[in-house]
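Student: sequence plus predicted model, see below.
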Amino acid sequence: QVELVESGGGSVQAGESLRLSCTASGYTFDNYCMAWFRQAPGQERDGVATINSDGRTTYTDSVKGRFTISQDNAKNTLVLEMNSLKPEDTASYYCAASSTSCLRPAAIKYWGKGILVTISS
């Protein structure tokens, strides 16, 4: 049974940093892309960052230069380093995995349950 479990969320002030982790069990990262999505109250779930099995990464424009996605295949862990956080980064963040594409929520095969990140001004 595949399971993705997020950790590291919480509440911080604008300008501070947080590190989100996602531990995967039941499968390995080989041949899967991994991603972080986020969803603010009343809004759609949007992609934040993706990483392919070959290590290539993509970021949504609003987080470029501030967020970094990485993965530790040996530990089956996905990480999102978030720096210079802004109030508009406030959302629930979801770890995701897909064997096809990580760019669209509809293509995601596995989802974590999400973790709340709150940034106060």
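Tutor: That came through, no problem.
Student: ok, the residue minimising distance to the centre of the chain - contacts?
Tutor: Nearest residue to the geometric centre of the chain (C-alpha atoms, centre = their mean): Trp36, 2.2 Å. For Trp36, the residues meeting the contact criterion (C-beta atoms under 8 Å, 6 or more residues apart in numbering) are 20, 22, 47-50, 69, 78, 80, 93-96. C-beta coordinates here come from the backbone N, C-alpha and C atoms, glycine included.
Student: between these, which is closest to Thr118?
Tutor: Out of those, the one with the shortest distance to Thr118 is Tyr93. That distance is 10.9 Å, counting by C-beta to C-beta.
Student: helix or strand for the nearest residue to Tyr110 once chain neighbours are set aside, which one?
Tutor: The shortest distance from Tyr110 to any residue that is not its chain neighbour, by C-beta to C-beta, 6 or more residues apart in numbering, is 4.4 Å, and that residue is Ala97. Counting by DSSP states H and E, the element that carries Ala97 is strand 91-98.
Student: give me the neighbour count for the residue nearest to Tyr110.
Tutor: Number of residues near Ala97 (other C-beta atoms under 10 Å) recorded here: 21.
Student: ok, what's across the strand from it?
Tutor: The partner list for Ala97 in beta bridges (DSSP bridges) reads Met34, Tyr110.
Student: against Ile69, how distant is it?
Tutor: According to C-beta to C-beta, to the nearest Å, Ala97 stands 13 Å off from Ile69.
Student: overlap in contacts, these two.
Tutor: When contacts are counted by C-beta under 8 Å, 6+ apart, the set common to Ala97 and Ile69 consists of Met34, Ala35.
Student: what about the strands in the chain?
Tutor: Shown for the chain, the strands assigned by DSSP state E span residues 3-7, 10-13, 18-25, 33-39, 46-51, 57-59, 67-72, 77-82, 91-98, 110-111, 115-120.
Student: which helices and strands does the third one pack with?
Tutor: Contacting strand 18-25 under the criterion 3 or more C-beta pairs under 8 Å, 6 or more residues apart in numbering; DSSP states H and E are the following elements: strand 3-7, strand 33-39, strand 77-82, strand 91-98, strand 115-120.
Student: what does that strand contact?
Tutor: Among residues not part of strand 18-25, those counted as contacts by C-beta under 8 Å, 6+ apart are 2-10, 12, 34, 36, 75-82, 85, 93, 95, 97, 112, 115, 117.
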